[in-house]
Each structure stands twice: as C-alpha cells, then as structure tokens.
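> coordinates for the following, if possible.
(one chain, ligands or ions: 1)
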Amino acid sequence: MTMKRNRFLGLDLSTQSLTALVVDVREKAVVFQTSLDFDAAYASYGTKGGVLRGKDPRVVHADPRMWVEAIDDVLTFLGRQKLTEEIAAVGVSAQQHGSVYLNDQAWETLGAMDPGLPFLGQVKGIFARPTAPVWMDSSPQRECEEITEALGGEAATVLLTGSRATERFTGPQIRKFWKQDPGRYAQTGHIALVSSFATSLLLGLPAPVDCGDGFGTNLADIRTGRWSRKALAATAPRLRKKLPDLVRGDRCLGRVSPYLAKRYGFHPLTEVVTGTGDNPSSLAGLGLVGDGGRHAVSLGTSDTYFAYLSRLGKERSPEGHVFGTADGRHMVLLCFKNGSLARESIKNRYRLSWDDFSEILLTTPPGNQGRVMLPYLLPETTPRVPAPGVRRYGGLTTGDAQANVRAVAEAQIMSMFIHSRGFGEKAEAMLVTAGGSENRGLLQVIADIFGREVRTFEVKDSAALGAAVRAARTCLEARGDRRTWGDLAKLFIGTKQAKPVFPRREAAAVYHGENGLLSVYETCERYALGRGPHPREEIRRFRSGV
Ligand code: XUL
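Model (predicted):
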C-alpha cells in the first residue's frame with residue numbers, strides 16, 4: 001500500500017537567494033525552511049545582490065548557471081535531511097520578467113542526465129546566451145517605444161497586454177537581444193522565464209509559463225490568456241516558436257524527472273506544478289487568491305503593492321500591471337524598483353542598524369516638518385523615472401540622519417498610496433510581507449499613511465510559502481480536498497506572534513488634510529518629472545497648517 005505523502009515543497013528563486021520551504025498539511029505547519037544567499041555561496045560569479053551590472057548602469061543580468069548550482073545544492077541538502085522522499089508535490093516561485101535563452105539541444109540534454117553527476121556540469125552547454133537579463137534591467141527604452149508604436153499607442157498596449165511597454169518586461173528585453181545579436185537570437189530554440197526555467201529543471205522537460213508570470217512580458221493578451229500575435233510580431237521575428245506554452249491557473253505538469261528522483265531521493269511520483277512569479281506566488285502565500293478586500297505590500301528587494309481582482313474592468317492605469325493568478329483570474333500590481341535598496345542606502349549612509357531605523361520612525365513625528373525626499377537611487381518604474389537621482393525638498397539636508405530616515409520611508413509609502421489609488425476593491429486592511437515587514441517603524445508608517453490596520457505574519461517569505469501552498473492545493477484538489485486557497489495559507493503563515501499595527505489618529509490630518517503631506521509629495525513628484533511648479537508654496541501651506 002502506498003502511503004499518502006502530505007508534505008509540499010516551495011522553491012523561491014529570488015533576486016538575491018534561493019529559498020526552500022516545506023509545509024506539512026497534517027501537522028499544519030512549516031516544517032523546514034532554508035535559504036542560500038547567492039553572493040555569499042557563489043562568490044566566483046561576482047554578483048552583488050545576486051546580479052551582475054554592466055558598464056551601462058541600466059543593464060542588469062544574472063548568470064543562470066548560478067541558479068542551477070543553487071538548485072542542485074539546496075536539493076542535495078534536502079535529500080541529506082531525508083526530506084525529499086516525503087514530498088508529494090513541488091512548486092516554483094521566481095523573480096519575474098527575467099529571461100533565459102536555451103539552445104536546441106537543451107531538452108535532449110535535460111532528458112538524459114546522469115544522476116551520478118552534478119547538475120551544472122551536464123547542463124552547461126544548454127544556454128544560447130550566457131546571461132539572463134533580470135527585472136532590474138531598464139535598458140530597452142527604445143524597444144519599449146517601438147513596441148508601443150506598433151501596438152497603436154500606450155492605451156492600446158495597456159488594454160491588450162495589461163501593462164504599458166515596460167523596460168524590465170520580457171518582450172522589450174527579447175526585442176533588444178534580437179536587435180543587438182540577431183545571430184544568437186536565431187540560435188535560441190527556447191526562451192524561458194525564470195519560473196519556467198526552474199520548473200523545466202525539475203521536470204526535465206519544457207515547462208509552460210503561467211499567466212501570473214506570462215502577463216509580465218508585454219506579449220500576452222490578458223483577456224484570452226494566450227500569446228498575442230500582434231504583440232509577438234511587434235517584438236521579434238519567429239518568436240512564438242521560441243516561447244513556452246502559456247497556461248491559465250495552476251495545474252500538475254507531471255512528475256519530477258528520473259534525474260531528480262535518483263539524485264536527490266524524491267519519490268518518483270512527486271508532482272511538479274506550474275511555476276509562477278514571486279508576486280503571484282505571494283498572493284497565494286498570503287491567502288489572497290479569491291480575496292480582493294485585503295491588499296498586500298511586499299517589502300523586498302523591490303517593493304510591490306498588489307491585490308486580487310474579482311473582475312477585470314476596462315479601466316486600467318498605465319502605471320499598474322495586470323497579472324494572472326493561481327485560480328486563473330487576475331491581480332493588479334505596482335512595482336517600486338528602489339524598494340529596500342533605497343532604505344538600505346540611507347541606513348548605511350548614517351551607519352544605523354535596522355533597529356535604529358525602526359526606532360527613528362517610531363519616535364519622530366509624522367510629516368517630517370514638510371521635508372521630503374524622492375529616493376530614486378535607481379531608475380524607477382513607478383512613477384517612470386529613467387534618469388535616477390535623489391532629490392530633497394523643504395530644507396531636507398544630508399546632515400540630518402533622522403530626517404532622512406523618515407523622508408525615505410514616508411516617500412516610499414506615500415508613493416505607494418498615491419499610485420495605488422483606485423486599484424482593485426477598497427482595501428479593508430493591509431498585509432505586509434517580505435524582509436521589511438519585520439520593521440515595526442515601517443509598518444507604522446504604512447498604517448498611518450494608508451489609514452488602515454496593518455498585519456504581518458510569522459512566515460515572512462510569502463513567495464516560497466505560496467509555492468508550497470500552490471503545490472499543496474493542486475495536489476489536494478485532485479485528492480478531493482475542498483479547502484480554499486485562503487484556508488490552506490492560513491494553516492502555515494502564522495498569525496499568533498505578529499500583533500496588528502493601527503493607524504494613529506493624529507497622523508491622518510498630517511497626510512490627508514487639505515494641505516497634507518500627500519499633496520506636498522505629489523507636487524514634488526510632478527516637479528521632479530517636469531510636470532508642475534516647484535513645491536515651495538505647497539510646503540509653506542503644509543507648515544502653516546501643521
Ligand atoms: C514585479 C517585479 C519584481 C520582481 C522581483 O513586476 O519586477 O517584484 O518580481 O523579484
């Protein structure tokens with residue numbers, strides 16, 4: 001008799017690390033979690049923050065061979081702990097938009113691997129392009145303009161693909177590759193997204209890409225859930241043949257490859273489910289699939305703001321993105337590229353610890369006396385700022401550590417508030433996840449600016465958890481289990497230790513009043529983008545009101 005295996009593995013291949021997380025549905029707990037930091041574990045690749053930067057600061061790539069090594073090492077570790085044999089299904093979550101270029105021999109190689117030998121040595125030869133452009137790359141500006149023009153303008157591009165042509169998205173990246181290196185483009189047999197690449201490694205076969213990640217390409221029609229012929233034609237020749245299939249919602253794709261079973265000790269019947277991007281995966285990990293009434297803020301390498309959409313309307317903003325979800329529907333997302341990098345740079349500049357950073361936010365008054373920062377250390381995507389640079393207004397000087405800490409935090413959260421207005425359903429509460437969610441001071445700033453209760457969880461890595469929950473849900477549904485996405489996520493995420501943070505009454509007037517700081521911030525942003533007057537008058541009005 002075969003025993004039912006009740007453990008599910010989520011793998012999250014993020015920008016800086018690979019995380020493995022195992023949940024047990026019978027024990028109702030996360031039973032194992034480990035992370036490998038790329039910079040520390042694979043120094044020979046020379047990454048910083050998991051990525052390689054070119055001479056042109058807009059060019060940011062990663063080496064997919066490093067990801068293969070990391071997967072090999074993490075699975076070997078799980079195998080040694082005797083964890084792999086108990087896994088019923090595996091799901092992948094990965095940084096979105098990045099693309100991996102494989103040659104025509106890739107599938108033959110992956111299908112004929114020798115379990116006695118490490119992964120990397122055998123797959124070294126499958127790449128048609130040595131590095132993979134990742135979501136931090138903002139170089140295909142010209143290509144975005146060309147795609148927009150071919151699709152009939154920005155509004156038409158947003159309506160068709162769910163996003164304006166966006167530099168970090170896969171389609172513009174592919175177009176740039178084709179223009180720069182048509183020879184290598186021609187030798188490319190398959191272009192995987194990071195999530196479908198990692199899933200293919202587990203299956204030993206080409207994995208499809210799901211609409212969660214597939215809509216982050218500017219190549220799909222978000223209404224039909226298919227690759228759009230028009231968008232493909234606007235991007236590069238013979239592209240359809242090179243792309244994975246696009247599938248809606250999660251499904252079981254098959255069993256782990258014989259290589260995986262033999263080398264790492266997985267049960268040969270272990271299932272592999274559709275991989276997806278880290279944000280759609282986080283939506284599942286937070287239990288928000290099917291629930292548009294709570295919105296999520298992820299404070300990771302990038303900051304993202306996202307929410308489930310019960311209905312896809314026509315009214316879409318050029319700043320947000322529409323992605324697919326694990327249940328085959330839609331979510332909206334805003335991405336802020338400067339996220340933790342901007343916070344960290346201020347923290348390091350003033351030689352502070354994260355505890356100091358939090359303490360400053362908890363003890364200094366909301367509003368920062370009208371001192372405002374626009375922390376665009378990198379080119380920003382929300383709002384679109386191609387030329388980076390930190391701007392300071394209202395007498396904010398670099399000499400004042402406390403004012404700079406408050407300024408960077410308020411700027412990031414005000415920007416989220418302003419650009420997410422009208423997003424999805426009205427939010428009753430905010431769920432905050434990823435590394436930054438440990439910072440109590442930041443949570444207070446979110447509660448104050450959004451005027452909503454803020455909740456966090458014991459499991460911070462909601463993307464990896466989401467991957468495990470997706471594997472569990474797909475497999476359990478096939479066993480006749482009726483539990484919802486929310487029910488499953490709740491089993492594991494841990495709510496006991498994390499107390500909610502409430503908005504403070506005095507903060508509401510500071511941010512939202514007629515001459516509140518939000519209106520000052522909007523004026524600063526418009527001025528910096530060359531769309532409005534200097535904010536000095538607005539700052540004066542704010543100060544006389546406070
Ligand atoms: C989302 C985005 C980032 C990456 C980071 O559109 O670009 O959040 O997914 O991993």
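
> the nearest residue to L443 once chain neighbours are set aside: neighbouring residues, count only.
Here the nearest residue to L443 in space, its sequence neighbours aside, is V501; by C-beta to C-beta, 6 or more residues apart in numbering that works out to 4.4 Å. In short, each C-beta sits where N, CA and C put it, glycine included. Residues within reach of V501, counting by other C-beta atoms under 10 Å, total 22.

> so what's V501 up against?
With C-beta atoms under 8 Å, 6 or more residues apart in numbering as the criterion, the residues that contact V501 are R440, L443, Q444, I446, A447, E453, V454.

> and which of those residues is nearest the ligand?
Of all the contacts of V501, the one with the least separation from the ligand (C-beta to the nearest ligand atom) is I446, at 17.4 Å.

> three-state assignment of that closest one?
When the structure is split into helix, strand and coil by DSSP: H, G, I helix; E, B strand; the rest coil, I446 lands in helix.

> grab the nearest non-local neighbour of K496.
The nearest residue in space to K496 (C-beta to C-beta, 6+ apart) is E458, at 7.2 Å.

> in contact with the one you found, which residues?
E458 sits next to I493, G494, T495, K496, Q497, A498 when contact means C-beta under 8 Å, 6+ apart.

> output the helix or strand hosting K230 as PDB, restricted to C-alpha atoms.
Remark: K230 resides in helix 229-235, with elements defined by DSSP states H and E. Included here for helix 229-235 are C-alpha records, laid out as PDB according to Å, rounded to 0.1, in the frame of the first residue of the first chain:
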ATOM      1  CA  ARG A 229       0.100  37.500 -32.300                       C
ATOM      2  CA  LYS A 230       0.200  41.300 -32.600                       C
ATOM      3  CA  ALA A 231       2.500  41.700 -29.600                       C
ATOM      4  CA  LEU A 232       4.700  38.900 -30.800                       C
ATOM      5  CA  ALA A 233       5.000  40.500 -34.200                       C
ATOM      6  CA  ALA A 234       5.800  43.800 -32.600                       C
ATOM      7  CA  THR A 235       8.700  42.300 -30.600                       C
END
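
> what residues does the stretch 1-150 of the chain have near the ligand?
Near the ligand, the residues belonging to the stretch 1-150 of the chain are S14, T15, Q95, Q96, H97, W135 when assessed by C-beta under 6 Å from any ligand atom.

> what's the pLDDT at the last one?
Going back to what we said before, that points to W135. With respect to pLDDT, W135 has a value of 96.

> can you pull the contacts of it?
With contacts defined as C-beta under 8 Å, 6+ apart, the neighbours of W135 are T15, Q95, Q96, H97, G98, R168, S302, C335.

> turn these into CSV, including distance to S257, secondary structure and pLDDT.
Shown next, in CSV, are those (distance: C-beta to C-beta, whole Å; DSSP: H, G, I helix; E, B strand; the rest coil; pLDDT from 0 to 100):
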residue, distance to S257, secondary structure, pLDDT
T15, 26, coil, 96
Q95, 23, coil, 98
Q96, 25, coil, 98
H97, 26, coil, 98
G98, 23, coil, 98
R168, 31, coil, 96
S302, 32, coil, 91
C335, 33, strand, 96
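
> any idea how far K347 is from the residue nearest to L443?
From V501 over to K347 the distance is 20 Å, taken as C-beta to C-beta, to the nearest Å.

> now do F119
The separation that F119 has from K347, given C-beta to C-beta, amounts to 37 Å.

> neighbour-wise, which of the two wins?
Set side by side, F119 and K347 show unequal neighbour counts under other C-beta under 10 Å, the larger going to F119 at 23 against 20.

> just the buried residues from the contacts of V501, in ChimeraX please.
Buried residues among the contacts of V501 (16 or more other C-beta atoms under 10 Å), as a ChimeraX selection:
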select :443,444,446,447,453,454
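
> in CSV: the contacts of V501, plus pLDDT and distance to E108.
Formatted as CSV, the contacts of V501 follow (pLDDT from 0 to 100; distance: C-beta to C-beta, whole Å):
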residue, pLDDT, distance to E108
R440, 96, 53
L443, 97, 51
Q444, 98, 55
I446, 98, 50
A447, 98, 55
E453, 96, 54
V454, 97, 51
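
> quick one, phi/psi of L13?
Listed backbone geometry of L13 is phi -90, psi 90, with angles given as degrees, to the nearest 10.

> make sure it is actually in contact with A192.
No - with contact defined as C-beta atoms under 8 Å, L13 and A192 do not form a contacting pair (12.0 Å).

> and R384, how many neighbours?
Counted by other C-beta under 10 Å, the residues lying close to R384 total 16.

> same question, E69
Taking other C-beta under 10 Å as the criterion, the count of residues near E69 is 21.

> relative to A41, how far out is it?
In this structure, E69 lies at 8 Å from A41, with C-beta to C-beta as the measure.

> got it, and R129?
From R129 over to A41 (counting by C-beta to C-beta), the distance is 23 Å.

> more neighbours, these two?
Counting neighbours by other C-beta under 10 Å for R129 and for A41 shows that R129 has the greater number, 20 against 16.

> quick one: what helix or strand has that one in it?
According to DSSP H and E, R129 maps onto no helix or strand at all.

> how near is it to L488?
As it turns out, when the distance is counted by C-beta to C-beta, R129 lies 38 Å from L488.

> where does the stretch 401-546 of the chain dip in pLDDT?
Flagging of the stretch 401-546 of the chain using pLDDT under 70 yields the residue ranges 546.

> that one: strands as residue ranges?
Residue ranges of the strands in the stretch 401-546 of the chain, as given by DSSP state E, counting those that start in this stretch, are 429-433, 453-455.

> out of the ones you listed, which is the most enclosed?
Between the strands of the stretch 401-546 of the chain, strand 429-433 has the highest mean count of neighbours, a mean of 23, where neighbours are mean count of other C-beta atoms under 10 Å.

> run the chain-centre distance for it.
15 Å (C-alpha atoms, centre = their mean, to the nearest Å).

> near the ligand, which residues of the protein show up?
Residues of the chain lying close to the ligand (C-beta under 6 Å from any ligand atom) are 14-15, 95-97, 135, 168, 216, 277-279, 302, 304, 333, 335.

> give me that answer again for 5 Å
Among all residues of the chain, those adjacent to the ligand (criterion: C-beta under 5 Å from any ligand atom) are Q95, Q96, W135, D278, S302, T304, C335.

> chain neighbours aside, what residue packs nearest to the fifth one?
Right, the one you point to is S302. Across the structure, with C-beta to C-beta, 6+ apart as the measure, the residue nearest S302 apart from its sequence neighbours is G339 (4.5 Å).

> where does the stretch 151-300 of the chain have low pLDDT?
Residues of the stretch 151-300 of the chain that meet the cut-off, pLDDT under 70, do not exist.

> strands of that one, residue ranges please.
Counting by DSSP E, counting those that start in this stretch, one finds strands in the stretch 151-300 of the chain at the ranges 190-193, 209-210, 220-221, 226-227, 246-247, 252-255, 271-273, 276-277, 294-299.

> which residues sit against the third one?
I take that to be strand 220-221. Identification of contacts with strand 220-221 by C-beta under 8 Å, 6+ apart yields L160, T161, G162, C211, G214, R226, W227, S228, A231, L246.

> so what's the second one up against?
Same thing as T161. By C-beta under 8 Å, 6+ apart, the residues touching T161 are L151, G171, F215, T217, N218, L219, A220, D221, I222, S228, A231.

> let's see 6 Å
For T161, the contacting residues are N218, A231, taking C-beta atoms under 6 Å, 6 or more residues apart in numbering as the criterion.

> cool, and the third one?
Residues in contact with G162 (C-beta under 6 Å, 6+ apart) are F215, I222, H321, V322.

> next one: the first one
By C-beta under 6 Å, 6+ apart, the contact set of L160 is D221, S228.
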